[in-house]
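S.K.: Give me coordinates for this.
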Amino acid sequence: MKVLYLVTEDWYFWSHRLALARAAKRRGHEVVVVTSVNKHGEMIKKEGFKLVPWTLDRSGNNPLRELGSVWELVCVYRRHRPDVAHHVALKPVLYGAVASAVAKTPVTVNALAGLGHIFVAKGVRAFVVRKILTAVLRLAMRRKKSGAIFQNPDDINRFVDAGVVHPSKVSLIKGSGVDTGVFAPPTTEPSGVPIVLLHSRMLKTKGVYDFLEAAKLLKSRIQVRMVLAGAPDPHNPASVNLATLEKWNREGYVEYWGQKENMPEIIRRSSVVVLPSLYGEGVPRSLIEAASAARPLVAYDIAGCREIVRDRVNGFLAPAGDVKALAGHIKKLLVDDDLRARMGAAGRKIVEDEFCVERVVGETLDLYGKLMS
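M.R.: Just a heads-up that it's a prediction; the model follows:
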C-alpha cells in the first residue's frame, strides 16, 4: 500500500507518528508525509519517506487562504494517489476529507486526538464555529471506507451521541504510543530538592497558570522546584508568551526551562509530573511518557487525563480548576517516598499493558488492513 499521513506540522509528525510510519515502511508500504515543514524536514526524508510540504496556517481564518490549502491537498492526493490517507487532528481531518473525496482516495482514517481549543472556548463566535465544525465533521466521517480513531471513550460518546460518526466506524486507540525502552525508570531515585515537572506546550488551557498558583502555595510550605518545560505556541490563542514565562522565572516561583530535546532524562530527574489541563485531551503524551518512566502523576479530572491517571493508583485526579486540591496532591506525593514509588510502579505497568508503542502501532496498522479489505 501507499500510506499518506497528513499532519499540521513536521515536529508533531516526528514526535507522535514517526513510530507508526516506520512500522508501515517495515511492512513494505510506501509512506508519504504531507505537513508544514520547519525543522524536521531533512530528518523525515532520511527515514525514507516522501515529504510533501503543505502551506497551512494553523490559526488561519482567511477563507481564500484556507480554500487554497484545501486545493493544494486535492492536487497532492491526485498526484500521489495513496491507498490510505491518515488525517491527524481537526484541520487535517476536515481538509483531508475534502481532498480524499475529490481525489477518490480508497480509504481514509480520521484521528481526532482531543477536541482542541475551539471546543472549550466561550462566546457566541466559538458556539457558531463549533456548530459549523460539527456539521462538517459529520460529512467528513460519512465515506464508506473510512474509520475514525479516538483516544478516549468520552470523545467517542460525544461524537456518536451528536450523530457525527456511526459507532461501527469508531476505533479506540489510546494515544500515539510510547517507547517504554526510551522512557524507562531511573536506576536511582533523584536526590536533592525535588522537581515537579509540567512539560507541554505553554498554553493557558494546559493549566500553566494553575501550575504557577500551585507553586506559590507549595513553596510557602515545603522545599520544591516547580519546572515548566516546553515552548509557547503562537498559532494557539491560549498561548502564554515568552516574556510572561521569563518574568515568572525571574520571580522564582517556577523555573522555565524552555523547549528541551532530552525529555526522557528530564522526566527521570523529576519526582512528580503534573498536567492541570483544562480542556479535553486525547490522552496526554506527556503523562504517558512520565508514567512509563515510573513517575507518579497529578492532573485534573477531565477527559483524556483520566485515561492514564488512575486516581489513587498511579497518581491523583483533582477537580478541574481546584488549585488547592492540585497542590495538596503534589505535596502528598513529595512527602511520602513509599507512595511515590508504589504509584510510579503502577503507572509503568499501565503503560506496558495499554499504551506501549507496539500495541498502538499494531492496532492502527490492523485498522488499515481491515478498511482496505
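S.K.: Distance-wise, check the closest residue to Val37 other than its chain neighbours relative to Glu9.
M.R.: The shortest distance from Val37 to any non-neighbouring residue, by Cβ to Cβ, 6 or more residues apart in numbering, is to Pro53 (4.6 Å). Bear in mind the C-beta positions are built from the backbone N, C-alpha and C, glycine included. Remark: distance between Pro53 and Glu9 (Cβ to Cβ, to the nearest Å) = 11 Å.
S.K.: what does Gly41 give?
M.R.: Applying Cβ to Cβ to Gly41 and Glu9 gives a distance of 11 Å.
S.K.: go on, Leu367?
M.R.: 24 Å.
S.K.: wouldn't Leu367 be in contact with Val170 here?
M.R.: No - between Leu367 and Val170 there is no contact under Cβ atoms under 8 Å: 10.7 Å.
S.K.: okay, and the common contacts of those two?
M.R.: Gly147 (Cβ atoms under 8 Å, 6 or more residues apart in numbering).
S.K.: picking up where we left off before, now do the shared contacts for Pro53 and Glu9.
M.R.: Thr35, Ser36.
S.K.: Between the two, point out the one with more neighbours.
M.R.: Glu9 (20 against 15; other Cβ atoms under 10 Å).
S.K.: Apart from its chain neighbours, what residue comes closest to the more buried one?
M.R.: In space, Glu9 is closest to Ser36, 5.0 Å off (Cβ to Cβ, 6+ apart).
S.K.: what's the answer for His40, then?
M.R.: Distances taken as Cβ to Cβ, 6+ apart place Asp10 nearest to His40, at 3.9 Å, with adjacent residues excluded.
S.K.: Ala111 now?
M.R.: Ile149 (4.1 Å).
S.K.: From Lys169, how far out is the one you found?
M.R.: Ile149 sits 10 Å away from Lys169 when distances are taken as Cβ to Cβ.
S.K.: Are there helices or strands packed against the lowest-mean-pLDDT helix or strand in the chain, and which ones?
M.R.: In the chain, no helix or strand scores lower on mean pLDDT, DSSP states H and E than helix 124-140, which sits at a mean of 75. Counting contacts by 3 or more Cβ pairs under 8 Å, 6 or more residues apart in numbering; DSSP states H and E, helix 124-140 packs against helix 90-103.
S.K.: Let's see the helix it packs on as CSV, backbone CA atoms only.
M.R.: C-alpha atoms of helix 90-103 as CSV (Å, rounded to 0.1, in the frame of the first residue of the first chain):
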residue,chain,number,x,y,z
LEU,A,90,-9.1,18.7,13.4
LYS,A,91,-7.9,20.7,10.3
PRO,A,92,-6.3,17.8,8.6
VAL,A,93,-9.5,15.7,9.2
LEU,A,94,-11.7,18.4,7.7
TYR,A,95,-9.4,19.4,4.8
GLY,A,96,-8.2,15.9,4.1
ALA,A,97,-11.8,14.6,3.9
VAL,A,98,-12.5,17.1,1.1
ALA,A,99,-9.2,16.2,-0.7
SER,A,100,-9.7,12.4,-0.4
ALA,A,101,-13.3,12.7,-1.7
VAL,A,102,-12.3,14.7,-4.7
ALA,A,103,-9.3,12.6,-5.4
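S.K.: Which neighbouring elements make contact with the helix or strand containing Ala325?
M.R.: Secondary structure assignment for Ala325, by DSSP states H and E: helix 323-334. Packing partners of helix 323-334 (3+ Cβ pairs under 8 Å, 6+ apart): helix 208-219, strand 272-275, strand 297-300, strand 315-318, helix 337-350.
S.K.: Select, out of those, the one closest to Thr134.
M.R.: strand 297-300 (24.6 Å; Cβ to Cβ).
S.K.: For the helix or strand Arg250 falls within, give me every contacting residue.
M.R.: For Arg250, the host element (DSSP H and E) is helix 242-251. By Cβ under 8 Å, 6+ apart, the residues outside helix 242-251 that reach it are Met202, Leu212, Leu228, Pro232, Val254, Glu255, Tyr256.
S.K.: how deep is the fifth one tucked in, by neighbour count?
M.R.: The one in question is Val254. Residues near Val254, counting by other Cβ under 10 Å, number 22.
S.K.: Please verify my assumption that it contacts Asp210.
M.R.: No - using Cβ under 8 Å, Val254 is not in contact with Asp210; the gap is 11.6 Å.
S.K.: My guess is Glu307 contacts Gln151. True?
M.R.: Yes - using Cβ under 8 Å, Glu307 is in contact with Gln151, at 7.3 Å.
S.K.: quick one, which of these two is more surrounded?
M.R.: Gln151 (27 against 23).
S.K.: contacting residues for the more buried one?
M.R.: So Gln151 contacts Leu112, Ala113, Gly114, Leu172, Ile173, Lys174, Gly175, Glu281, Gly282, Val283, Gly304, Glu307 (Cβ under 8 Å, 6+ apart).
S.K.: Dihedrals phi and psi, Lys50?
M.R.: phi -80, psi 120 (degrees, to the nearest 10).
S.K.: Look at it and say how many residues are nearby.
M.R.: 14.
S.K.: Okay, it and Asp161: tell me how far apart.
M.R.: In this view, Lys50 and Asp161 are 39 Å apart by Cβ to Cβ.
S.K.: Give me the below-cutoff pLDDT ranges for this protein.
M.R.: Low-confidence segments of the chain, defined by pLDDT under 70: 58-62, 114-122, 125-126.
S.K.: So what are the structural domains in it, by residue number?
M.R.: Here the domain parsing of the chain from automatic domain parsing is 2-177+356-372, 195-354.
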